[in-house]
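> coordinates for the following, if possible.
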Amino acid sequence: MADIETTLTNHYRIPTLFPATWPAEKDDDSDDSDTATASSVKPAQPVRRSKSRYSVLETSGSFRRSVPGAQKTRDGVENLVQKDEGDPLGTFPSVVQVLRQRGLPVEEDVKLRNRFLLSSTTFSPSLFLSQVHSSASTDSLLAGLDFLSRSIEQKSASLKVLVESNFERFVSAKATIDRVYMEMRDVGKEPESPTGRRPGHSRGGSRSSFSARKASGPLSPNVQLQAVPNEKKKNALVKESEYGVTGIKTPLTEAAAKADEVWGPALGGREKEENLKNILSTVEDNRGLFEVGAAIQDAVRRKDHPAIVEEYTRARKLADKARYIVEQAKYRQSSLSDAEIHQIIVTARMWSDVETQVENFKRDAWKRLTNTHFTKNKNASEEGKSEQYMGLISIMLELGVEDNPIWIWLLSRYEYLKSTLVRHCERSTVEIEVLRRHLSNSEKTSLRGLSKHLQAVPANANDTVDSDKLDTSKIIEFWTAVHISMTSILSANTGLLGEILEFWDIARAFIGGKPQRTLPMGFNNQSSVHHNLTQQNSVELERGVTELANILREHIYSFFSDPPPEDISSLFSPLPPNTPTPTTPRTPLSALLSPTAGSRFRFDPNNVPPPSPSRGETWEKYAFWPPHSNALSGSHYLSKILNLIGMAANEMASLSLPETGSTSRLDEALRMLVGGVRERCVQATCTAWNNDAENLKVLEDWTREPERKDITRMPNRFLNVQTFLLGNIQKIMYVSGNDGGSKTTVDVVIPPSSKLLQMVRAQFVASLYRTLSGMVECADKGRRALGKEWEVKGDDLTIISSADQEGAWDRVDASKQSTRLLLTLSNMSTFATETTPHLITQFETLFSIALPDEKDRIRDVLQQLDTQLFRMYTKPHTQRIAKTIEAGIFSPDWAPPATPGKSVADRDPSPYVFTVLLDLVIVHTEISTTSPSLTSRILRSLFESTTQSLIATFNKLTTCNLAALMQATLDVEFMAQTLSSYTSEKASQVQTDIYQVLDQKTDNEARVRLQQELGALRGVLKRWREGTRVEFACFRRVKRGTVGETGR
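I've put the predicted structure just below:
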């Protein structure tokens, strides 16, 4: 039904089958056939044909028929393109209506509408299907194809019918043409005899003429023709009369001569003009041929790759068209026309120019492709390089090349990575050695400098350490150079290893064929052979990546395992003048990975550092350890470097190389790498730790701990240093290969050996012993224990910091040995109760090792050192008290007889008693102001020593009379009651023993008298106790916790 409606509307040229009004355009229509007939008929015989009022809807029968629904120009001329058409596939009755529903402005934009109409020369099949049949299924499109085929067959049948119905007319026209030609040929020819047979004319009949039909003419077989006059003979179209031009040949020749004389110059200019016009016309006709070369040149200059491909494809099509013309002429064995020859020549010249330009572009593209290299961490200048190689590969495949651009780029990338890796490894090794030699020829770090570095360790393990303060600036520069060098090589994000991993990822992708899906196939699919890498290419890529990984691994292992290099001339030697140009691309400046390329590292060829002096130092056998470095900076940076090595080893092990014979060896080599580097790092760190332990006593600057006034900062500083070292050594021992966001699941890091654990364990205990011994030495000798440089506080050029100024609130005057001993005793107590147990627990937690034997030994050492320090402090006081007691008791004035009129018990304590008590007051003051927590312990010990001195002196008496007995009892009781807060069982027992000794040296009368005078003696004792309450108030018993609070 829809087909019938479409047919009717197109036939009658109306928009709808049910119009509401008469179409206005039908009023101006006229029948072309009627007009033509009227003009051909004489006016005297007019022919009138009846017409209906709907005759304008009928199609005319003239030669030029109006196309139903055709568009008209502004001049009223139809352009044979309809305003609307039915769907050629038979799906929709109106194409314009479908486009209007889809929102396209086909009513306003005629050019856009013509692209959807089949009758237009600008019809676009792809655009038609994408818009009109955008949602069509495959079945509907196949049905539309059948409909279109049937339509074409119907139109062909209509044309066949037209030829059959007018066949007689075609035959009649052919006969008329043959008759006219024969008459013109036979003018002036002699007639043939009646019996003679007239030969046929030389012009062969057409295929449509009848072979048995004779040419018509005024000849009859029974009639003899008359002779033809000579005048007519001259005009006959025969060879004798030169085909009718004999009569006018001479006049024409003369006229031509005159014309050449008169009009020769003008006609020559006209000829030149015609030639130029012909050339210009040819240029205009072949404008595309002349524009291709310039277009490609402009596209190359603008680096417009799509335009290059488009113009080159266009040139190829033109060249193929010219070749086709030649092949067709050769096949038909016919000659070429002038236009074809000219077109072939112009096309050949165009193709030669295009080929030259494209070949030059290809050479430049090959150079750019092999030079398209980028680092993992792209900067602004390399942002586009990471994808530029794909664009170059695409353009090469589009243009067509003999070599595979994918393989060429992968090979150049491998060569670039290999040369960069080798060059960087060699240079970094030499650069680090130069820094090491400079350090080895410099002065060793002073103890004052070491003290500042040790104190720079943060108290809180979670705080960020300022690595620049862990050692001298030159040593930190060395460590920074090593760390940057390792990072630039081993980092999976910014280092050469990352580029190797990225290269292998790209290579695997090309081997799998994933990137090739987006690459072009080239002209006529000629580049499709380059889309797949060969098996040999894949094997070579795998070997290349394995080789890169081995180069990197061997460099790291050699750097940490081998002794320092002796030859550093490669850093200062320029390239030879005749060095050949390398085949691999030159490394761009942005890819230089020198860790010391900054301004602070410059080599002076005139100041080459001498080799390291051999002094037997432990660091002389390590190329990675800076001379005179402490364990703090070493462990800090080595923990980072080992972490990098661990992650790099796992990354290299996870390259997923095929299971060949080298894969297992690579994994094993990586395990050996991590194990060997770790062992060397632990050895170097433990050696430096041992050297530092001898000097950890410099942490003691006799500054009080802010939160505890009875100790110095030494215990906490030592705890911070040891904690820092243990944490970093643990990171070195247990290398973590999956930190930093690494996604690899392969782990080639093996646990540390028992040998390494025992080494760290022994060094940990040794560092404690050395530090404690150094504390005792400092307490005994003071500044002299640290060397001569500590004996001088400063000079005119030294600025003393506020912490070192005299009179600081937390500074203790350590010039007195007794003060140092008291503070060291308190520190030793803190070590025994807090610091050492904390460190042992931390060690056991970090390394999963129990230290039962070490705990006991450390406890014994601490106790021995504490006893030694305690004896060093109390011994001078004990000796002085013993001398005072002995001198007082053996003094002649000791134990005077009773005054007449007074009781024998009425006497004063001996002077030596007050001397001893005053000495103890001074000791009490010193202890309570220096380390209050030791007051009770020391005074108790001194009280015990006092009682021992008393009993020893009383044992020396031969006899003891009543006065001596009374005096001794008063002295002993007064001292015992005054120091009752610091008595002990031992002192009480000695006091009892004193009475027994006195009892043994007196007689019975004195004993009885003593018993009688005890009451009076108690009264005297009480009176003296109350009288000296103020003087000896420091010995009064204090509440529990007061001493501790005072000490805090």
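> where in the stretch 251-400 of the chain is pLDDT low?
In the predicted model of the stretch 251-400 of the chain, residues 264, 266-271, 275, 278, 282, 285, 375-387 satisfy pLDDT under 70.
> and I341, helix, strand or coil?
Assigned state for I341: helix (three-state reduction, DSSP: H, G, I helix; E, B strand; the rest coil).
> again with A459
Three-state assignment for A459 (three-state DSSP): coil.
> which phi and psi does it have?
phi -70, psi -30 (degrees, to the nearest 10).
> neighbours of it, how many?
Per other CB atoms under 10 Å, the neighbour tally for A459 reads 11. Placement of C-beta: from N, CA and C, glycine included.
> likewise for T925?
12.
> show me what the biggest helix by length in the chain is packed up against.
In the chain, taking DSSP state H as the definition, the longest helix is helix 246-285. Other elements packing on helix 246-285 under the criterion 3 or more CB pairs under 8 Å, 6 or more residues apart in numbering; DSSP states H and E are helix 338-370.
> give the buried residues for the helix it packs on.
If you call a residue buried by 16 or more other CB atoms under 10 Å, then helix 338-370 has these buried ones: 342-344, 346-347, 350-351, 353-354, 357-358, 361-362, 365-366, 369-370.
> need the next SSE after it, C-terminal direction.
Per DSSP states H and E, the first helix or strand lying C-terminal to helix 338-370 is helix 385-399.
> and that next one, what does it pack against?
Counting contacts by 3+ CB pairs under 8 Å, 6+ apart, helix 385-399 is packed against helix 305-332, helix 338-370, helix 405-440.
> ramachandran angles for T712?
Residue torsions, per degrees, to the nearest 10, at T712 are phi -100, psi -180.
> run a quick neighbour tally on it.
T712: 27 neighbours (other CB under 10 Å).
> residue ranges of each domain in this structure, please.
As assigned by the TED database, the chain contains the domains 95-179, 375-679, 699-788+812-868, 891-1035.
> those: lowest mean pLDDT?
With a mean of 79, domain 375-679 has the lowest mean pLDDT of the domains of the chain.
> and that domain, how far out from the chain's middle?
Centroid separation between domain 375-679 and its chain, computed with CA atoms, centre = their mean, to the nearest Å, is 14 Å.
> same question for stretch 976-984.
77 Å.
> what residues does it touch?
Here stretch 976-984 makes contact (CB atoms under 8 Å, 6 or more residues apart in numbering) with 917, 920, 936, 939-940, 942-944, 946, 987, 991, 1021, 1025, 1028, 1032, 1035-1038.
> can you give me the buried ones in it?
Those would be 976, 978-979, 982-983, for stretch 976-984 by 16+ other CB under 10 Å.
> ends of that stretch, what's the gap?
11 Å (CA to CA, to the nearest Å).
> how about stretch 621-641?
OK, stretch 621-641 end separation, CA to CA: 19 Å.
> just to revisit the earlier point, looking at the buried residues of stretch 976-984, which one is closest to S528?
Taking CB to CB as the measure, S528 sits nearest to Y982 out of the buried residues of stretch 976-984, at 103.6 Å.
> on that earlier part again, now distance to I14 too, for the domains of the chain, in JSON lines please.
Shown next, in JSON lines, are these (distance: least, CB to CB, whole Å):
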{"stretch": "domain 95-179", "distance to I14": "15"}
{"stretch": "domain 375-679", "distance to I14": "50"}
{"stretch": "domain 699-788+812-868", "distance to I14": "73"}
{"stretch": "domain 891-1035", "distance to I14": "120"}
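> got the contact list for W625?
619, 634, 684, 688.
> can we see that at 7 Å?
619, 634, 684 (CB atoms under 7 Å, 6 or more residues apart in numbering).
> now those residues: which count as buried?
Burial of the contacts of W625 was assessed by neighbour count (16+ other CB under 10 Å); the buried members are 619, 634, 684.
> out of the residues you listed, which sit inside strands?
Judged by DSSP state E, the buried ones among the contacts of W625 include no members of strands.
> name the nearest of the residues you listed relative to S126.
Ranked by distance to S126 (CB to CB), the buried ones among the contacts of W625 are led by G634 at 71.6 Å.
> my read is that that closest one contacts T685, right?
Yes - G634 is within contact range of T685, at 5.4 Å (criterion: CB atoms under 7 Å).
> ok so, going back, output the buried ones among the contacts of W625 as JSON lines; include the columns distance to F718.
As requested, these are exported to JSON lines (distance: CB to CB, whole Å):
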{"residue": "W619", "distance to F718": "24"}
{"residue": "G634", "distance to F718": "18"}
{"residue": "A684", "distance to F718": "22"}
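> identify, from those, the entry nearest to A1006.
G634 (77.2 Å).
> residues contacting that closest one?
Counting by CB under 7 Å, 6+ apart, G634 makes contact with 625, 684-685, 688.
> what does R113 give?
With CB under 7 Å, 6+ apart, R113 has these contacts: 96, 106.
> and the helix or strand containing it, what's buried?
Secondary-structure element containing R113, defined by DSSP H and E: helix 110-114. Going by neighbour count (16+ other CB under 10 Å), the buried part of helix 110-114 is 113-114.
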